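Visitor: Please work out how this folds:
(one chain, ligands or ions: 1)
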Amino acid sequence: MKVLVTGGCGFIGSNFIRYLLTSNRVPSNLQVKNLDLMTYAGRGKNIEHMNLANNSRYSFVKADICDPVVVRGIYNSFDPEVVFHFAAESHVDRSNQNNAPFKTTNILGTQVIAEEAKHAGVSRFIHISTDEVYGSIKEGSFLESSTLNPTNPYAETKARAEEEVRKIGNSGLGLDYIITRSANNYGPYQFPEKLLPLFITNLIDGKPVPLMWSEKNPGLNVRDWLHVEDNCRAIWYVSQNGNAGEVYNIPGDNERTNIDMTRKLLYYFGLPEELIEKVPHRSSHDFRYSISGDKLKALGFKHEHLALDHEVNRLCSWYENNPEWWRPLKK
Ligand SMILES: NC(=O)c1ccc[n+]([C@@H]2O[C@H](COP(=O)([O-])OP(=O)(O)OC[C@H]3O[C@@H](n4cnc5c(N)ncnc54)[C@H](O)[C@@H]3O)[C@@H](O)[C@H]2O)c1
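Guide: Next up is the predicted model:
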């Protein structure tokens, strides 16, 4: 079986490729092609660092998902049965500064990669989306059927990308597709601009950590933390067991306020709260993300990395032990 992974040099994509090539839950004859443009967030080094670059079942092509001619050529020559579409611009703060690359990659790129998948006769297209498409919720959790209400440019383009997949899937020859919406991922190989790797790598150097703060809301925003290995397992599981045309939430089942998470890190490194640098909340800073995992559980999926304190300690230790991976990425 052959699978194409877009964005496989990024955080989740590279962890997913590692899962495909090393897990005994995945057929051992699976061949993986990684299509990635290697933007600032994409690093061939992830795959090298995982000792997978020379794996005979792995190949890489540097390409832009927005280029239909190149994408068509890749589909024709590799002929994948399943596509896992991770490639995206993924950082909310960057989308607030300039949303142009988000519109191009996340909307147009998804259109191209899905449309060409349909022409190529791909058996299943797995589109990776986010819980941010629902927007914020004060109490309770969003179901897959809840109305989407994205509040930042990143989330808006991800919601539009889902629409494109649905449109392409439901028109003409049709495309068998599934959409996953996962919570905030954490784990190794995450670019140190996102909260956990940014804070951990700052604290390793004894530097302050910028926590969004106001008198009314001193770091109280809530995120649901999903270990990247559980996300990768869930995405593969859904690709094998999910139903065509369906959306599956992938929660972390570990909601914490940002101040709680920050205190965990300070505790791990034995550092004082004075290192919290209070910065203003960004405009449209969603207060709480929460998604229900009932549909995924009903499909038979179980998380394996729910011990958040233990996992966060493991993560801190990974960054401590792998400075050659992250130091070149720090400003
Ligand atoms: N990180 C999270 O917590 C999270 C949560 C939910 C959903 N997601 C989704 O998961 C996916 C992966 O997220 P991530 O955190 O690994 O992102 P990332 O920024 O680490 O990686 C994105 C990858 O896409 C590649 N890419 C960007 N533009 C491209 C283009 N035009 N053509 C080909 N490749 C291109 C980059 O080079 C990079 O390797 C995204 O679709 C994101 O929306 C992420």
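
Visitor: When you work out contacts or count neighbours from here on, use the C-alpha atoms and nothing else.
Guide: Will do.

Visitor: Checking I179 next. Helix, strand or coil?
Guide: Assigned with DSSP: H, G, I helix; E, B strand; the rest coil, I179 falls in the strand class.

Visitor: Now tell me what touches stretch 204-216 from outside.
Guide: Contacts to stretch 204-216, defined as C-alpha atoms under 8 Å, 6 or more residues apart in numbering, come from residues 198-199, 202-203, 218-219, 258-259, 269, 271, 275-282, 320.

Visitor: Pull out the buried positions in that stretch.
Guide: By neighbour count on 16 or more other C-alpha atoms under 10 Å, the buried set for stretch 204-216 is V209, P210, L211, M212, W213.

Visitor: Give me the neighbour count for the closest residue to N258 other than its chain neighbours.
Guide: Leaving aside its chain neighbours, N258 sits nearest to G219 (5.4 Å; criterion: C-alpha to C-alpha, 6 or more residues apart in numbering). By other C-alpha atoms under 10 Å, the residues close to G219 number 21.

Visitor: So G219 is in contact with I259, correct?
Guide: Yes: the pair G219 / I259 is scored as a contact, 4.9 Å apart, by C-alpha atoms under 8 Å.

Visitor: any idea which element the residue nearest to N258 lies in?
Guide: G219 belongs to no helix or strand when elements are defined using DSSP states H and E.

Visitor: returning to what we had before: quick one: which two of the buried residues of stretch 204-216 are the most distant?
Guide: The distance between the two most remote of the buried residues of stretch 204-216 (C-alpha to C-alpha) is 11.8 Å, for V209 and W213.

Visitor: average model confidence for stretch 51-71?
Guide: In this model, stretch 51-71 has a mean pLDDT of 97.

Visitor: Check stretch 114-124 too.
Guide: Taken as a whole, stretch 114-124 carries a mean pLDDT of 98.

Visitor: export that stretch as PDB, just CAs?
Guide: Taking Å, rounded to 0.1, in the frame of the first residue of the first chain, the C-alpha atoms of stretch 114-124 are listed here in PDB:
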ATOM      1  CA  ALA A 114      -8.000  17.300  -3.100                       C
ATOM      2  CA  GLU A 115      -9.000  18.000  -6.700                       C
ATOM      3  CA  GLU A 116      -6.000  16.200  -8.100                       C
ATOM      4  CA  ALA A 117      -6.500  13.300  -5.700                       C
ATOM      5  CA  LYS A 118     -10.000  12.900  -7.200                       C
ATOM      6  CA  HIS A 119      -8.600  12.900 -10.800                       C
ATOM      7  CA  ALA A 120      -6.000  10.400  -9.800                       C
ATOM      8  CA  GLY A 121      -8.600   8.000  -8.300                       C
ATOM      9  CA  VAL A 122      -7.200   8.100  -4.800                       C
ATOM     10  CA  SER A 123      -9.200   5.600  -2.600                       C
ATOM     11  CA  ARG A 124      -9.300   7.800   0.500                       C
END
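
Visitor: Got the phi and psi for R223?
Guide: phi -120, psi 150 (degrees, to the nearest 10).

Visitor: Mind pulling the model confidence for it?
Guide: 96.

Visitor: what about stretch 233-240, distance to the chain center?
Guide: Computed by C-alpha atoms, centre = their mean, to the nearest Å, the chain-centroid distance of stretch 233-240 equals 14 Å.

Visitor: and it, is it in reach of the ligand?
Guide: No: Stretch 233-240 does not reach the ligand (C-alpha under 6 Å from any ligand atom); its nearest approach is 10.6 Å.
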